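Enquirer: Fold the following, please.
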Amino acid sequence: MVAEFLAAALMTLAANDSTVTLNAVTITGHQRHDFQMRTSQSAVQVSREFLKENFSGSLMQTLEHIPGVKAMSIGSGQSKPTIRGLGFNRLAVSEDGIKHEGQQWGDDHGLEIDQFAVDRAEVIKGPAALLYGSDAIGGVLSLYSNHVPTEPFEGAVQLFGRSNNEQLGLSARIGGRKGRWFYRANATLIDYADYKVPTDSIQYYSYWIKLNRQRLRNTAGFERDGSAMLGYAGYHFHTDLRVSDSYSKSGFFANAHGLEVRLSDIDYDHSRRDIDLPYQWVNHLKILSHTAWRNEIFSIEANLAYQNNLREERSEPISHGYMPAPDGSLERRFNKNTYTANLALRYTLGNHALQGGLNSEYQHNRRGGWGFIIPDFENTSLGAYLMDRYTAQDNLTLNAGMRFDYARTHIHSYHDWYKTPVGNDSVYVERSSELRRNFHSLTWSAGLNYATGLWLLKVNAGKSFRVPIPKELGADGINYHIFRYERGNTSLDPEESYQLDASIGWANDVVDIQVDPYLNYFPNYIYLSPTAQYVEGLQLYHYTQARVLRYGLEAQATYRFTPRWLAQLQGEYLYARQQSGEKKGYTLPFSTPWSVDAGLKYTFDLRNDGFVSLNAHIVGQQHDIVPPEKPTDGYWTLNLSAGKNFPLWGKLLNVAFHADNLLDRRYYDHTSYYRLIDVPEPGRNFSLMVGMEF
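Expert: Numbers count the residues shown, from 1 in each chain. Model (predicted):
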């Protein structure tokens with residue numbers, strides 16, 4: 001609170017063009033303690049410094065250093081987030097208060113967000129549907145890129161690269177403030193080549209495929225991001241308008257898309273940087289408006305946004321099944337428009353901090369191309385919530401809240417554009433039928449935070465829900481990039497989850513220990529179940545529901561045995577079991593195995609402007625599978641990180657270095673879909689980032 005008061009006072013003085021000389025002030029606080037007391041759920045907050053020190057190529061690979069957070073890698077330049085083994089539409093990604101809406105249902109669709117525009121990130125592990133709605137049943141990744149500049153002109157430039165896929169990139173940002181008005185702009189350019197794996201060949205459908213110099217052919221790509229923000233920041237009133245655009249193009253590993261590569265005229269080994277068919281490109285446009293007014297006891301905040309996600313998949317026009325060779329290379333096209341309006345109110349009444357809000361969203365998605373996987377659809381959702389945070393004592397807070405949601409889904413019918421023989425006739429097979437469904441749910445959450453001495457205890461219980469998405473209801477087609485035929489289920493019910501989360505922490509100036517156990521029970525968990533059937537040459541997966549029990553924990557401990565030396569140990573474990581259905585007694589597909597990280601860090605001086613750390617990442621074997629899934633052996637890798645600030649021309653030059661898999665070990669990630677065709681994870685990889693702030 002002291003820091004917030006000083007910041008507000010300085011903003012007021014600056015607005016009045018006053019000149020003030022302040023003596024040196026030392027502020028002692030407990031930032032982590034204050035943040036942890038804000039919520040009764042397991043939550044982690046990371047700064048821009050953390051993102052720079054742990055830079056690992058993509059945003060999610062950087063955030064993998066947080067226990068319980070994993071990155072599902074897609075090719076060589078993108079990755080998807082998972083929290084406690086849940087991702088896709090079970091995890092909400094929020095940027096500056098607006099839920100990011102792309103084609104997140106897709107296993108090969110990354111986040112269309114400029115990672116170098118992110119100032120800080122918050123991760124809520126576990127269900128958070130009370131504030132964020134349907135998709136937050138597994139957790140929330142909140143990204144903030146709305147830092148308000150404090151100088152008339154400021155900025156930063158960063159150069160970065162990676163060795164494994166020969167990535168090269170440049171990112172720059174500028175900003176400034178004059179009186180109460182401010183502006184900011186970001187731009188990022190990234191190019192990368194086919195990435196390398198520690199093997200000379202892979203096996204696909206009993207065929208051995210030779211790799212050219214250990215590279216996965218046609219996994220190169222590039223990314224172009226830009227954003228601009230203009231705003232006004234007064235003492236009580238704040239408003240800003242932000243426009244961002246993210247464009248990326250990347251190839252699909254040619255041999256993974258089908259054996260037809262043997263018949264192709266394309267020379268996939270001609271260049272490791274070209275992008276041949278098959279490939280995908282995606283452009284995400286976001287226009288976001290944030291307005292807030294607040295005083296000491298009351299605040300009102302409004303967020304409005306428009307998003308357009310346009311994505312195309314292109315491949316060689318080759319016939320499959322009864323489909324004749326099509327014209328052109330446009331296999332699939334998705335054009336999704338999302339309109340969002342959120343309103344939040346906060347009111348302080350004595351020891352009660354009341355919070356309420358309304359959320360509304362409308363989605364309009366249209367498909368194109370000669371391939372089919374999901375139908376056209378429209379989604380409308382409305383939600384209202386109310387919660388109270390009661391401070392019983394300085395070290396004890398209680399919170400409780402309820403939320404009501406209503407959603408309507410309209411799925412359009414779709415028939416093949418070619419005829420298929422059925423009996424003595426030929427028909428245009430219907431892949432998706434017309435469907436209109438309404439969903440509603442009442443959810444709740446309650447918890448407490450208690451601090452005593454060096455201890456901090458948090459407990460949270462609640463109910464969350466998730467509306468089945470159109471892909472789960474109406475999919476019927478081949479997903480070549482993950483080697484399976486997928487079929488939806490129009491009778492799916494909304495997914496519900498009852499959860500219990502806890503966090504126990506003890507910390508002093510030398511030792512910091514935290515354990516976060518959790519328990520989830522799903523009466524009707526929705527998932528893609530593998531079958532022994534094959535459709536058009538690929539294994540059939542179909543959507544079904546089952547009662548599922550999940551529990552696990554994350555634990556971490558740090559020990560600062562000298563002012564410069566720090567040791568850290570962290571690990572995670574997840575157990576999942578189906579309690580009903582056709583796979584009763586089995587776990588869930590692609591379940592995360594246990595893992596442990598042990599690290600040692602040395603800081604060059606007490607100002608913390610230089611460090612070097614060594615980390616051992618150990619992952620257990622995963623033999624708890626869902627047939628016909630295959631087990632995965634355990635593995636370990638050795639990783640190195642280092643960073644230093646150097647004075648240059650009166651500024652600071654930041655250098656960050658990261659080395660993954662130093663020993664170039666060959667291993668398989670159980671959550672990777674490329675594991676199904678015997679593709680190991682990338683080999684030795686060095687990352688370097690050099691930046692300067694001005």
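Enquirer: Averaged over its residues, which helix or strand of the chain has the lowest pLDDT?
Expert: helix 2-15 (a mean of 41; mean pLDDT, DSSP states H and E).
Enquirer: what's stretch 482-491 in contact with?
Expert: With contact meaning C-beta atoms under 8 Å, 6 or more residues apart in numbering, stretch 482-491 is reached by 107-108, 256, 373, 432-433, 435, 471-479, 528, 530, 534-536, 538-545, 673, 676-677. In this view, the C-beta of every residue, glycine as well, is placed from N, C-alpha and C.
Enquirer: Please identify the buried residues of it?
Expert: Across stretch 482-491, burial judged by 16 or more other C-beta atoms under 10 Å covers 482-488.
Enquirer: Could you work out the most separated pair of the residues you listed?
Expert: For the buried residues of stretch 482-491, the maximum inter-member distance is 18.3 Å, found between 483 and 488 (C-beta to C-beta).
Enquirer: Buried ones from the contacts of stretch 482-491, can you make that a PyMOL selection?
Expert: Applied in PyMOL, the following selects the buried portion of the contacts of stretch 482-491 according to 16+ other C-beta under 10 Å:
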select buried, resi 107+108+256+373+432+435+471+472+473+474+475+476+477+478+479+528+530+535+538+539+540+541+542+543+544+545+673+676+677
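Enquirer: Could you tell me which of the contacts of stretch 482-491 belong to strands?
Expert: Using DSSP state E, the subset of the contacts of stretch 482-491 located in strands is 432, 435, 476-479, 528, 530, 534-535, 538-545.
Enquirer: how about the helices in the stretch 101-250 of the chain?
Expert: With DSSP state H, counting those that start in this stretch as the criterion, the stretch 101-250 of the chain has helices at 129-132.
Enquirer: Pass me the low-pLDDT residue ranges in it, would you?
Expert: Judged by pLDDT under 70, the stretch 101-250 of the chain has its weakly predicted residues at 205.
Enquirer: The closest residue to residue 307 other than its chain neighbours pairs with what?
Expert: Excluding the flanking residues, the one nearest residue 307 by C-beta to C-beta, 6 or more residues apart in numbering is residue 338, at 4.3 Å. For residue 338, the beta-bridge partners are residue 307, residue 363 (DSSP bridges).
Enquirer: Now do the helices in this structure.
Expert: 2-15, 31-36, 48-53, 59-63, 129-132, 470-474 (DSSP state H).
Enquirer: Would you mark the buried spots in the third one?
Expert: Going by neighbour count (16+ other C-beta under 10 Å), the buried part of helix 48-53 is 50-53.
Enquirer: That helix - contacts with which helices or strands?
Expert: Packing partners of helix 48-53 (3 or more C-beta pairs under 8 Å, 6 or more residues apart in numbering; DSSP states H and E): strand 635-648, strand 651-660.
Enquirer: Next, the contact list for residue 85, please.
Expert: 70, 550, 574, 576, 588, 591-592.
Enquirer: Contact partners for residue 586?
Expert: 577-578, 625-627.
Enquirer: and if you look at residue 324?
Expert: residue 418.
Enquirer: Tell me the one of the buried residues of stretch 482-491 nearest residue 349?
Expert: Nearest to residue 349 among those, with distances taken as C-beta to C-beta, is residue 488, at 47.5 Å.
Enquirer: What separation is there between the nearest residue to residue 685 once chain neighbours are set aside and residue 681?
Expert: Leaving aside its chain neighbours, residue 685 sits nearest to residue 164 (3.8 Å; criterion: C-beta to C-beta, 6+ apart). According to C-beta to C-beta, to the nearest Å, residue 164 stands 10 Å off from residue 681.
Enquirer: and what of residue 515?
Expert: 29 Å.
Enquirer: Please identify which of these two sits among more neighbours.
Expert: residue 681 (21 against 14; other C-beta atoms under 10 Å).
Enquirer: burial of the residue nearest to that one when sequence neighbours are not counted, as a residue count?
Expert: Of all residues not flanking residue 681 in the chain, residue 669 sits nearest, at 5.3 Å (C-beta to C-beta, 6+ apart). Residue neighbour count, defined by other C-beta under 10 Å, stands at 22 for residue 669.
Enquirer: Check the gap between residue 669 and residue 178 for me.
Expert: Applying C-beta to C-beta to residue 669 and residue 178 gives a distance of 49 Å.
Enquirer: do the same with residue 381
Expert: 40 Å.
Enquirer: what about the two, which has more around it?
Expert: residue 381 (20 against 11).
Enquirer: where does that one land on pLDDT?
Expert: Per-residue confidence (pLDDT) for residue 381: 96.
Enquirer: Show the contacting residues for it.
Expert: Contacts of residue 381 by C-beta under 8 Å, 6+ apart are 133-134, 359-362, 405-408, 467.
Enquirer: What's the PyMOL syntax to select whichever of the residues you listed are buried?
Expert: To isolate the buried members of the contacts of residue 381 in PyMOL, using 16+ other C-beta under 10 Å:
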select buried, resi 133+134+359+361+405+407+408+467
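Enquirer: Same list, the contacts of residue 381, but as TSV with distance to residue 612 please.
Expert: Shown next, in TSV, are these (distance: C-beta to C-beta, whole Å):
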residue	distance to residue 612
133	43
134	44
359	45
360	49
361	46
362	50
405	49
406	54
407	50
408	55
467	47
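Enquirer: Please consider this matter closed, and thank you.
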